[in-house]
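S.K.: Got a predicted model here, sequence first, then my questions.
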Amino acid sequence: MKNVYRIVSLLFALFFLAPIVWMLVVSIKEEGMKIVTVLDWFTPPYSFAVYDQILSGTKLSNWVLNSFFVAVCVTVLTVIIAAMAGFVLSKVPFRYRSFMFFFILAGLLVPGEAIIIPLYQVAKDMNLLNSYQGLIIPALASPFAVIVLKSFFDGVPNDLLESVQIDGGGTWRIFQSIMLPLTRPALASMAILTFIGSWNNFLWPFLSITDDNLFTLPMGIPTLMSSYSEDYVKPMVVNTIASLPIMLLFLVFERQIVKGVSLSGIKG
């Protein structure tokens, strides 16, 4: 029975790995190569010339840097803000704390598409359109991150906090010296999930950015796809470049990603 389970698991793994392998193999084929059978995709010659052509002849490298910069800024600031908010909601008593928690919880019930037009109007009034600030600031309000981190902070015993208070430590020392080290796995998981979400974000950049020098990858790739509609190699090269950072991130931090997904209750 155990062998059957392993075989089935292996087949599932190969099934989901096949598109990635196909993308990588096609991306290193020579442009304009005649394909007669499926096996022709997997036979030499191979070449990285199309990679050089794409990176030097388009703004793709600039879009990669834009996506990386925006994703890093969003990740760092979101984790900092959500950690502080989650700590306050979990361990700092104040009036209307329960109301504040349910107010933030209600933010999960509102789909992002429902507030996209008011958000666009606010960004326009604040002159945030066509700017890095306009890509970063609206993404920082994450009720999901606040609630998930609050749930982790709830699991920290209050005795540890009281021991710091007895030694004369204040709220900031409790947060910095006790809460952050104990919840480091949760912070890492949330950072990784936030980075992936920001890297793949398409809707808001599509609405707020018209300058192609500020395009992120999800925004810029469709413009290249329309140019290469009759080619197979170039779209695969573009998709490989766009997917490679996320694949490397998953390979390096696989355990934290799986743990973050399981503990946060994400399905699918």
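M.R.: Nice, I can see it. Residues are numbered from 1 along each chain as shown.

S.K.: quick one: buried residues of the biggest helix by length in the chain?
M.R.: The single longest helix within the chain, with elements called by DSSP state H, is helix 60-91. Residues of helix 60-91 classed as buried: 60, 63-64, 66-68, 70-71, 73-75, 77-79, 82-83, 85-91 (neighbour count, 16 or more other CB atoms under 10 Å). From N, CA and C alone the C-beta is placed, and that goes for glycine too.

S.K.: How about stretch 201-218?
M.R.: Neighbour-count burial for stretch 201-218 [16+ other CB under 10 Å]: 201, 204, 205, 207, 208, 209, 214, 215, 216, 217, 218.

S.K.: got a list of contacts for that stretch?
M.R.: 59-60, 62-64, 66-67, 70, 112-113, 116, 119-120, 123, 128-132, 134-135, 138-139, 199-200, 219-220, 223, 242 (CB atoms under 8 Å, 6 or more residues apart in numbering).

S.K.: Can you tell me which of those are buried?
M.R.: 60, 63-64, 66-67, 70, 119-120, 123, 128-129, 131, 134-135, 138-139, 199, 219-220, 242.

S.K.: Could you list the low-pLDDT ranges of the stretch 1-150 of the chain?
M.R.: The stretch 1-150 of the chain contains residues with pLDDT under 70 at 1, 32-41.

S.K.: Just the ones of the contacts of stretch 201-218 in helices?
M.R.: 60, 62-64, 66-67, 70, 116, 119-120, 123, 132, 134-135, 199, 219-220, 223, 242.

S.K.: Can you tell me the element the most centrally placed residue in the chain falls in?
M.R.: With distances taken as CA atoms, centre = their mean, residue 196 lies nearest the centre of the chain, 1.5 Å away. Per DSSP states H and E, residue 196 falls inside helix 184-199.

S.K.: which secondary structure elements does that helix contact?
M.R.: helix 60-91, helix 143-154, helix 233-252, helix 254-264 (3 or more CB pairs under 8 Å, 6 or more residues apart in numbering; DSSP states H and E).
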